[in-house]
Structures are given as structure tokens and as C-alpha cells.
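**Student:** here is the input, now give the coordinates:
(chains A and B)
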Amino acid sequence: MHRFRAMGCEVVVSGGDPLAAAAVFAHWEDAFSRFLPDSELSRVNRDPAPAVRVSPLFARALATALELAELTGGLVDPTLGSALEHAGYDRDFGLLPEDGPLGPAAPSRLAEIRLDGTILRRPPGLALDLNGVVKALAVDEAVATLPRDGFVSAGGDLAARGPVDVGLPGGGAIRLVRGGLATSGVVSRRWRRGGEEQHHLIDPRTGRPSRSPWQQVTVAGGSCRDADAAAKAAFLLGDDGPAWLDSLGLAGRFVRHDGDAVLSRCWERELACT
Amino acid sequence: MTAGSRIERARAKARGAKLAFGALTALVFGAAFVGAKAHAPGHHKHRAKPLGAPAAFELAVRRSALQAGQIAPPVQPPQVVTSTS
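**Tutor:** From the prediction side, this is the model:
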């Protein structure tokens, strides 16, 4: 088992060459970091032109983000870069000051962007944030480099080739038989702005950090990409999250702020019938 | 006109009739054969294709929804502990 840091979290690789996995993460991080001024994402966000040509990698990530936005009813939204900055997450997490002024709410601007091949049209000033999607894509791509059974885990995202027993944040464990596992939550990334606690899971409907009743949501998906999008959307849906996951046949575990866990019916069924 | 030449003529006429009848039979058989092959083939000569939806359609449907993974109770201590994203 090998460990290294990338995308602001610890990456664990088992079953293959960690250098190959590290190269995948470095490739994605160089292009999509919000905090590297020379990343393609930073350049696109700074560009004053209404239409910009992006790289095929950028176009692929954005197309995936737009597809996931459609599949989640707009809850997974790549246009919330300004909302994150206004909430105070404008630099590497470790460098954030303890408190400061809170910026205005910045709701979704999904309807204002259009991607045709590698031509991106959006109003100048619209700040994209693709980091959630990109980390999940990097995990899926890194696990594809494994020559044998194993897994790649990065923060709350994990994808496996072959079964793997996984410890869940906050306690408990499951065996991931197939696909990916993702946990979205507000346990680790919290800070204060305007005297109030903020976090990185922005509700596109309000343009503010979500006031979800959940502390964290874990979902098993066919890939890390799908698990991550479903976990985020289920978190933002609040009390409707478990029923939404069940309607899609996805297994999810919801943990409240007081530590109580709520399991979707699919999660209960899959753990009971084996 | 001799009796021999009459017989020869009759034989020649019969040969012609047999030939015409044989050719007509072969023609009818050939037309029926080709027609049967074209309109009522016994079985396909190429590998049968499944009757399901085309692969491109299946892919489009599969991509139109988030896909489920599969979980089960753990069978050994966790190999890795995840955090939150």
C-alpha cells in the first residue's frame, strides 16, 4: 500500500504502481486547481473573452460536470466558483484565516454556460469550479491503471478493482464489491466567515453553504464519479436524500450532526442479503 | 419419302421436344429456386445478431442515470479508511 498527497488530501493506492496513479492526479490537479494561477481552470476563469477554446481534457471534465448537473437536477453544479470564494474558500484550505468578511450569495449560473466541442461560451466573470468532479474522475482513471485487484482512495473518494473492505468516516465498515464509494460531508473542511461557520458544499439554489441536516453522506456508485455526484446531491437534498437515492437504486448512508445514521433501503438490503 | 426418313424426322422432333421440355423444366426450377432463396430463406448465412437494442442505444440509456455500485458486509478488517470530500 502506498500513500502520497494530491488535491489537498491523502491518496492511498493498493495493487499497482503508485507513480502511475500519482501521475494521473498531478495531470488533473495541474489543469483544474483553483489555487494554481497557471492552471487551465484559473486561466479560463480570468479570461475576459465570452468564448474560449479549452483543452480536450478540460472539455471532457466540463462535459462530465454538465452531464452530472443534468442527472442530479442541477445540484451538482460547476458554476459555483464565486459562491465558494464569497464564502471564504479562496485559497488553499490550510492557509485560510480564522475569520473574515462574508461575501454575497452567488447562486447557480448553469443556464449561462454552453460547451460546443472545445469551445466554452460563458459570461466573463463566471467562475467555474470543477474540483469535486475532477477528483472523482482522477480516482476512476487512477484505478484503471492498476494491473491487478486493488483500490485508489483520495479523501472521501474511492474506486476499486475487485472487492475491498472499507472503513467509513465516523465508524462502521462495508465491503465494496464493485464500483466506487464516495462520502460528501462537512466534517473536515469548515471555517468561519462573518462570524458563522462555513463549508465547501454549496447549495446552488441559495448560493450559500448548504444547511443540510446531514453531517456526511456515503454512496456506493457504479464508479467513483457517480458515487461522488450522488453523495453530493443527496447531501444537498436534506431529508429528501434517502428517498432520492432509493428512487435511483443507489445505496447510501446518511449521518446526522448528532451522529445518528440513516440508511437508504438499498443500503440496508445489500448489507442484509449477503 | 421413305419410312426410314419419316422415323428419323419423328426421332429428331422428339429429341427437340425433350430438349425444349428439359430446358423449360430447368428454367422453371431455377426461377423457383432463386425466388425461394430470396423470399423464404431457410436460415441466415451470417452470424445471428441479437434482437436487443443497438449497443449505442444501450450506452445512451446507461449514461442517462447514475449507476449503482455493490456493497456487502465486511469480511475482514478494513484495508483502508476513507474520510469525507
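**Student:** any low-confidence regions in chain A?
**Tutor:** Within chain A, the segments meeting pLDDT under 70 span A:273-274.
**Student:** how about the helices in it?
**Tutor:** Using DSSP state H, the helices of chain A run over residues A:18-32, A:40-46, A:56-71, A:81-86, A:131-144, A:224-236, A:241-248, A:265-272.
**Student:** just say which of these is most tucked in.
**Tutor:** Burial among the helices of chain A, expressed as mean neighbours by mean count of other CB atoms under 10 Å in any protein chain shown, is greatest for helix A:224-236, which shows a mean of 30. C-beta coordinates here come from the backbone N, C-alpha and C atoms, glycine included.
**Student:** any part of that one near chain B?
**Tutor:** Yes. Counting by CB under 8 Å from any CB of the partner chain, chain B is contacted by helix A:224-236 at A:Asp226, A:Ala227, A:Asp228, A:Ala229, A:Ala230, A:Ala231.
**Student:** sorry, back to before: how about the helices of chain A, which one is nearest A:Ser212?
**Tutor:** helix A:224-236 (5.4 Å; CB to CB).
**Student:** output the below-cut-off pLDDT ranges for chain B.
**Tutor:** Low-confidence segments of chain B, defined by pLDDT under 70: B:1-3, B:41-45, B:61-63.
**Student:** so where do the helices sit in it?
**Tutor:** Defined through DSSP H, the helices belonging to chain B, from first to last, are B:3-39, B:55-62.
**Student:** relative to chain A, which of those is closest?
**Tutor:** Judged by CB to the nearest CB, the one of those that comes nearest to chain A is helix B:55-62, at 8.9 Å.
**Student:** for the closest one, the distance to its chain's centre please.
**Tutor:** 26 Å (CA atoms, centre = their mean, to the nearest Å).
**Student:** again with stretch A:187-202
**Tutor:** Centroid displacement of stretch A:187-202 relative to its chain, using CA atoms, centre = their mean, is 16 Å.
**Student:** and it, what's buried?
**Tutor:** Within stretch A:187-202, the residues that qualify as buried are A:Val187, A:Ser188, A:Arg189, A:Trp191, A:Arg193, A:Gln198, A:His199, A:His200, A:Leu201, A:Ile202, counting by 16 or more other CB atoms under 10 Å in any protein chain shown.
**Student:** between the residues of helix A:224-236 next to chain B, which is nearest A:Arg148?
**Tutor:** Each of these was scored against A:Arg148 by CB to CB, and A:Ala227 proved nearest at 22.1 Å.
**Student:** neighbours of the residue lying closest to the closest one once chain neighbours are set aside, how many?
**Tutor:** Closest residue to A:Ala227 apart from its sequence neighbours, by CB to CB, 6 or more residues apart in numbering or on different chains: A:Gly221 at 3.1 Å. Using other CB atoms under 10 Å in any protein chain shown as the criterion, A:Gly221 is surrounded by 26 other residues.
**Student:** report the beta-bridge partners for A:Gly221.
**Tutor:** Counting by DSSP bridges, A:Gly221 forms beta bridges with A:Gly180, B:Ala68.
**Student:** how close does it sit to A:Ala6?
**Tutor:** For A:Gly221, the distance to A:Ala6 equals 21 Å [CB to CB, to the nearest Å].
**Student:** which residues of chain B lie near chain A?
**Tutor:** B:63-85.
**Student:** picking that back up, which one of the residues of helix A:224-236 next to chain B is nearest to A:Lys135?
**Tutor:** Within these, distances to A:Lys135 taken as CB to CB reach their minimum at A:Asp228, with 7.4 Å.
**Student:** surely that closest one and A:Leu181 touch.
**Tutor:** No. Using CB atoms under 8 Å, A:Asp228 makes no contact with A:Leu181, being 9.3 Å away.
**Student:** give the residues shared as contacts by the two.
**Tutor:** When contacts are counted by CB atoms under 8 Å, 6 or more residues apart in numbering or on different chains, A:Asp228 and A:Leu181 have A:Asp157, A:Val219, A:Gly221 as shared neighbours.
**Student:** in contact with the closest residue to A:His199 other than its chain neighbours, which residues?
**Tutor:** Across the structure, with CB to CB, 6+ apart as the measure, the residue nearest A:His199 apart from its sequence neighbours is A:Val186 (4.0 Å). By CB under 8 Å, 6+ apart, the residues touching A:Val186 are A:His199, A:His200, A:Leu201, A:Pro209, A:Gln215, A:Gln216, B:Thr84.
**Student:** for the closest residue to the last one other than its chain neighbours, list each beta-bridge partner.
**Tutor:** What it means is B:Thr84. Distance criterion CB to CB, 6+ apart; nearest residue to B:Thr84, sequence neighbours excluded, is A:Gly185 at 3.6 Å. On the basis of DSSP bridges, A:Gly185 takes part in beta bridges with A:Gln216.
**Student:** distance of A:Gly185 from A:Pro97?
**Tutor:** When distance is defined by CB to CB, A:Gly185 is 23 Å away from A:Pro97.
**Student:** so these two - more neighbours on which side?
**Tutor:** Between A:Gly185 and A:Pro97, counting by other CB under 10 Å, A:Gly185 is the more crowded of the two (25 against 10).
**Student:** what's near enough to touch that one?
**Tutor:** Neighbour list for A:Gly185: A:Gly156, A:Pro169, A:Leu201, A:Trp214, A:Gln215, A:Gln216, A:Val217, A:Phe235, A:Val255, B:Thr84, B:Ser85 [criterion: CB under 8 Å, 6+ apart].
**Student:** sounds good, over and out.
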